[in-house]
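Enquirer: 3D, please:
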Amino acid sequence: MADKIAMSKNWLEPFIKASKIGSQEDLADLLDLSRATINRLANDHKKLKRDRAEIMAPLLGVSANDLMLNRIPGGKSKLIDSFDPDEPEAPSAEQQMTIGSETGVRGVPKDGSAQIDATGGMGGGGLTIVSEGVPGRHGMTFSADNVRDYWRLPPPMLVSLGLAAQDVAVLPVQGDSMLPTLNEGDVVFIDTRHRWPSPSGLYAVLDEIGGLVVKRLEISSQPGAEQQMITVISDNPRHKPKEWRAEDLFIVGRVLRKFGVVN
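Expert: From the prediction side, this is the model:
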């Protein structure tokens, strides 16, 4: 077609290749968008908004959450790289905890637990996970961009929980959605090995825009149901609960303890 514009390599290509849509230009036509508009979107994933993702997802044969988190069909995501069970269990040098993208500090003590540079409760920003680990066995590791500091938790506490320091993520809480359970300024400690909401309780999850939030999760579908559903609850009644398909909800881990603000 003479009116096709040059399309550079971009994040949309793997989704298009995995779908029945022939090209990026065809996707633009289906969305009734100009090809210049779809090209700008394809070259900057941050431009994708939830309402547009909801329209695009069925055309590409994925969920809106897959698009929002850039989970590429049949491959590794730019935001979340899956753990390869054939690889050694010990994290590589690139997977070791670091502090800050500017300094790139490494060599954090083995008894250090990463404090994530994302606020729980209100979302935002996007979370980059280097390795998801092995649910139930090994926690996940995070990129330098998301590690702000580290905590040394008391060994008796870790022993009582059956956790290694690297399996614990530390997250400051922001907002009022979990009042009165969590107050703004509280810090929560997350078991990143615990990746399924059983039993019901507080979990850290990625929201619609890839931000890290703390919510109460309950499995709402009946046992044996073909489609498993999870209710995402804010303890503050001002915020309405939401229903998510289990496959669309990325759980970072279960909240075990909190370091609380004194009122």
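
Enquirer: what are the ranges of the helices in the stretch 1-150 of the chain?
Expert: With helices called from DSSP state H, counting those that start in this stretch, the stretch 1-150 of the chain shows them at 13-18, 24-30, 35-42, 50-60, 64-69.

Enquirer: Check these for me: which has the lowest mean pLDDT.
Expert: Considering those one by one, the lowest average pLDDT is found for helix 64-69, at a mean of 74.

Enquirer: Would you format the helices of the stretch 1-150 of the chain as TSV with mean neighbour count included?
Expert: For the C-beta atoms, the positions are set from N, CA and C on the backbone; glycine is no exception. Output for those, formatted as TSV (neighbours: other CB atoms under 10 Å):
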stretch	mean neighbour count
helix 13-18	17
helix 24-30	17
helix 35-42	17
helix 50-60	15
helix 64-69	21
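
Enquirer: Switch the ones you listed over to a markdown table; also include distance to L179.
Expert: A markdown table is the format used below for these (distance: least, CB to CB, whole Å):
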| stretch | distance to L179 |
| --- | --- |
| helix 13-18 | 39 |
| helix 24-30 | 43 |
| helix 35-42 | 37 |
| helix 50-60 | 25 |
| helix 64-69 | 26 |
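
Enquirer: H194: which element?
Expert: For H194, there is no helix or strand it lies in under DSSP states H and E.

Enquirer: okay, it: pLDDT?
Expert: 93.

Enquirer: who touches it in this structure?
Expert: For H194, the set of contacting residues under the criterion of CB atoms under 8 Å, 6 or more residues apart in numbering consists of P135, G136, Y203, G253, R254.

Enquirer: redo that, cut-off 10 Å
Expert: 135-136, 139, 163, 167, 201, 203, 251-256 (CB atoms under 10 Å, 6 or more residues apart in numbering).

Enquirer: Only whichever of the residues you listed are buried, select them in ChimeraX.
Expert: This is the ChimeraX syntax for the buried subset of the contacts of H194, where burial follows 16 or more other CB atoms under 10 Å:
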select :135,139,163,167,203,251,252,253,254,255,256
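
Enquirer: Please determine how far the closest residue to I190 other than its chain neighbours is located from I55.
Expert: Using CB to CB, 6 or more residues apart in numbering and skipping the chain neighbours, the partner closest in space to I190 is G253 (4.0 Å). With distances defined as CB to CB, to the nearest Å, the gap from G253 to I55 amounts to 32 Å.

Enquirer: cool, V262 as well?
Expert: V262 is 47 Å from I55, by CB to CB.

Enquirer: for G136, same thing?
Expert: When CB to CB is applied, the distance between G136 and I55 equals 37 Å.

Enquirer: just for the stretch 151-263 of the chain, where's the confidence low?
Expert: Under the criterion of pLDDT under 70, none of the stretch 151-263 of the chain is flagged as low confidence.

Enquirer: So for S77, what pLDDT did the model give?
Expert: S77 is assigned a predicted lDDT (pLDDT) of 46.

Enquirer: can you pull out the strands in the stretch 151-263 of the chain?
Expert: Ranges of strands in the stretch 151-263 of the chain, per DSSP state E, counting those that start in this stretch, are 168-172, 187-191, 201-206, 212-219, 229-233, 242-245, 251-259.
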